[in-house]
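Student: I would like the atomic coordinates for the input below:
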Amino acid sequence: MIKQFVPQEFCLQCLGCCRFREDNSVWAPCLLDEEIQELIDKDIPPATITADRRIHPVPNPSGEGYFCAFLSAQENKCKIYNFRPFECQLYPFLLNLRGKKVILTVDLNCPYIKKSINDPSFKEYSEQLAKFLNSPAQVKLLRNNPQVLQAYEEVSEIIELDI
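Tutor: Numbers count the residues shown, from 1 in each chain. As a prediction, the model looks like this:
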């Protein structure tokens with residue numbers, strides 16, 4: 001489990017995370033191969049996983065956009081928070097694919113990032129996260145799961161990773 005930068009009590013309060021404009025959004029989390037098996041072992045319906053290993057977004061009942069299949073819209077909480085996917089643990093940090101380079105980036109639409117991006121704690125966390133992601137075990141994990149490397153927009157680049 002990755003220590004999350006955004007405090008849990010703040011997370012999901014902005015009504016931005018886990019919500020998407022379209023059903024094939026790059027923002028819908030991709031799953032590591034082992035996470036797919038873990039979800040299946042926990043009796044999560046396979047229909048919640050797309051062919052390209054994403055969590056399948058579901059239509060918002062209000063008719064506007066989509067949200068993660070594991071988001072309880074009524075409570076605004078994640079139904080699988082204790083075993084949420086790697087990408088969800090990283091968020092608002094993202095693994096951004098730029099050509100052949102993998103860049104650790106951060107989502108500038110996250111209100112918590114907007115208020116803390118210039119804090120020393122942000123820089124310290126970013127450095128720790130980059131060190132963790134550059135560790136041999138994580139490099140191997142990411143090389144074996146290239147689906148989690150995406151091309152995100154509206155992000156700020158932090159550091160190039162050794163992947």
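
Student: in the protein, where's the longest helix?
Tutor: Assignment by DSSP state H gives helix 120-133 as the longest helix of the chain.

Student: quick one: it to chain centroid distance?
Tutor: 16 Å (CA atoms, centre = their mean, to the nearest Å).

Student: residues of that helix that come out buried?
Tutor: Buried residues in helix 120-133, counting neighbours by 16 or more other CB atoms under 10 Å, are found at 122, 125-126, 129-130, 133. C-betas here are computed from N, CA, C, even on glycine.

Student: just put those in CSV and tack on distance to residue 33.
Tutor: Listed next are those as CSV, based on distance: CB to CB, whole Å:
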residue, distance to residue 33
122, 31
125, 27
126, 27
129, 22
130, 23
133, 18
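
Student: what's the spacing between residue 138 and residue 93?
Tutor: Remark: distance between residue 138 and residue 93 (CB to CB, to the nearest Å) = 13 Å.

Student: these two - which one has more neighbours?
Tutor: The neighbour comparison of residue 138 against residue 93 (other CB atoms under 10 Å) goes to residue 93, with 25 against 17.

Student: partners of the more buried one in the sheet?
Tutor: Beta bridges link residue 93 to residue 106, judged by DSSP bridges.

Student: do the same with residue 72
Tutor: residue 77.

Student: give me the pLDDT value at it.
Tutor: Residue 72 carries a pLDDT value of 86.

Student: the one 3 residues further on too?
Tutor: Reading off the per-residue confidence, residue 75 sits at a pLDDT of 83.

Student: that one: neighbouring residues, count only.
Tutor: Residue 75: 9 surrounding residues under other CB under 10 Å.

Student: how about residue 46?
Tutor: Look at residue 46: counted by other CB under 10 Å, it has 9 neighbours.

Student: please name the nearest non-neighbouring residue to residue 40.
Tutor: residue 46 (6.4 Å; CB to CB, 6 or more residues apart in numbering).

Student: next one: phi and psi at the one you found?
Tutor: phi -60, psi -20 (degrees, to the nearest 10).
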